[in-house]
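1. Let's see this in three dimensions:
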Amino acid sequence: MNHTAARRRTCRLALAGLVGTVACARHSPRAASPNVITITATDYAFGGPDTIPAGLATLRLVNAGKEPHQAGLVRVDSGKSSAAVEAAMKAPGPPPEWVAFVGGPDVVLPGDTANSTQPLTAGRYFLVCFFPSPDGKLHLEKGMFRWLVVRGPAPPAESDPAGDGTITLNDYGFEIAPPLTAGAHTLRVANAGPQLHEVMLLALAPGKGAADVVAWDKGGMKGAPPARPLGGIVGLTPGRRAAFTVTLAPGRYVLACFVPDAVDGKSHAVHGMVKEITVS
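-> As a prediction, this is how the structure comes out:
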C-alpha cells in the first residue's frame, strides 16, 4: 500500500470513529435533573404549590417563621380522609402501615434553608412538621399540615438521588462513608433498618456533646437546644432513599434520630441513635 492510500484509509477510520462517538453521545441517556420545588414554612403553615410533577424532586424549605421548622414528605397509600390522616399522625406510637415516609428536609432555624431530593411517584402526599413549640405542642397539632398531589409517569429506577457520601440508617445507628470533611456535600441517605428513621444533622454548641442532645430530647426539646439544626431527612420508611446537601465548617456535629420507637414509643435517640462526629 502506498503512502497516499494509507493516509486515505487512516482518514476514513478516524472519520468513522468520530461518527461513532457522536452517535454514542447522541443516544447516551442523561442523568435525571430534579424538579426544584420551594416550600415556605411559617408559624404554623406551609406555602407552596398544590401539585408537582412525578420524578426526581428537590424540596427546598425556606424557614420564614419565628420557630424551627421541618417539612416531612409522606405518601398516603389509601383513600383515607384528611381528618383521618391527621388524626393518625397525632396519635402516639408508630405511623400506620398505609403511609410511607419518603423524605423531606429536616429542621432548620428561622431564616435558614434546607433541602431534600427523592424520587416521587404519582399519588397523594402531605407535608408535615413534627417539631415542638416552646409550649411542648407539636407544630402538627397547631395545623402545620398541607396536602400535596404528585402527577405524571413514574420515575425510572435510575433516578434515585446520588451523592458524594452515604449515610445508612439502621436500628439504632448511623454508618457514614466516607468520613465527612469540611466543605459542601451531597449526602445520600438510605434506611436499611426494619422501621422508620430520620437523620437530623446538628452543629454542637461549645462544650456540648451527644449526651446533651439526648437530655434535650428527653426534656421535650424545651429551652435552648445544645446544637444548631442544619437539616437532614425527616423520615424514611424502610428501603427508601433520599439525599440532602449541606456545607460543613470544621467543628463537632451530631447525627440524631428522634422518631418514636415502634415497640416502646421512646425516641430512637434515647435508644442510642445519636452519633457525634468531628469535621476537619
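
2. Check residue 12 and give its pLDDT.
-> Reported pLDDT at residue 12 in the predicted model: 43.

3. let me fix that: residue 94
-> Per-residue pLDDT puts residue 94 at 80.

4. Count the residues that sit near it.
-> Here the count is done by other Cβ atoms under 10 Å, and residue 94 has 14 residues near it. (C-beta placed from N, C-alpha, C; glycine too.)

5. For it, give me its contacts.
-> By Cβ atoms under 8 Å, 6 or more residues apart in numbering, the contact set of residue 94 is 195, 196, 260, 261, 262.

6. next one: phi and psi at the fourth one?
-> Dihedral pair for residue 261: phi -70, psi 150, per degrees, to the nearest 10.

7. returning to what we had before: so which of the contacts of residue 94 sit within helices?
-> By the criterion of DSSP state H, membership of those in helices covers no residue at all.

8. Could I have the buried ones of those as PyMOL selection syntax?
-> Buried members of the contacts of residue 94 can be picked out in PyMOL with the line below, counting by 16 or more other Cβ atoms under 10 Å:
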select buried, resi 195+196+260+261
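
9. In strands, which of the contacts of residue 94 appear?
-> Applying DSSP state E to those, no entry is found in strands.

10. Can you tell me which of the contacts of residue 94 is nearest residue 143?
-> residue 260 (21.1 Å; Cβ to Cβ).

11. still on that earlier bit, would you convert the contacts of residue 94 into JSON lines that also reports pLDDT and distance to residue 91?
-> As requested, the contacts of residue 94 are arranged in JSON lines below (pLDDT from 0 to 100; distance: Cβ to Cβ, whole Å):
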{"residue": "195", "pLDDT": "95", "distance to residue 91": "16"}
{"residue": "196", "pLDDT": "96", "distance to residue 91": "14"}
{"residue": "260", "pLDDT": "93", "distance to residue 91": "11"}
{"residue": "261", "pLDDT": "94", "distance to residue 91": "15"}
{"residue": "262", "pLDDT": "91", "distance to residue 91": "13"}
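
12. can you list the contacts of residue 94 in JSON lines and add distance to residue 222?
-> JSON lines is the format used below for these (distance: Cβ to Cβ, whole Å):
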{"residue": "195", "distance to residue 222": "26"}
{"residue": "196", "distance to residue 222": "24"}
{"residue": "260", "distance to residue 222": "18"}
{"residue": "261", "distance to residue 222": "21"}
{"residue": "262", "distance to residue 222": "25"}
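
13. so which of the contacts of residue 94 would you say is closest to residue 37?
-> residue 196 (23.0 Å).

14. ok, that closest one - contacts?
-> Contact criterion Cβ under 8 Å, 6+ apart gives 94, 95, 101, 235, 236, 237, 238, 259, 262 as the residues in contact with residue 196.

15. Residue 194 now?
-> Residue 194 sits in contact with 171, 238, where contact means Cβ under 8 Å, 6+ apart.

16. gap between it and residue 76?
-> Between residue 194 and residue 76 the distance is 22 Å, computed by Cβ to Cβ, to the nearest Å.
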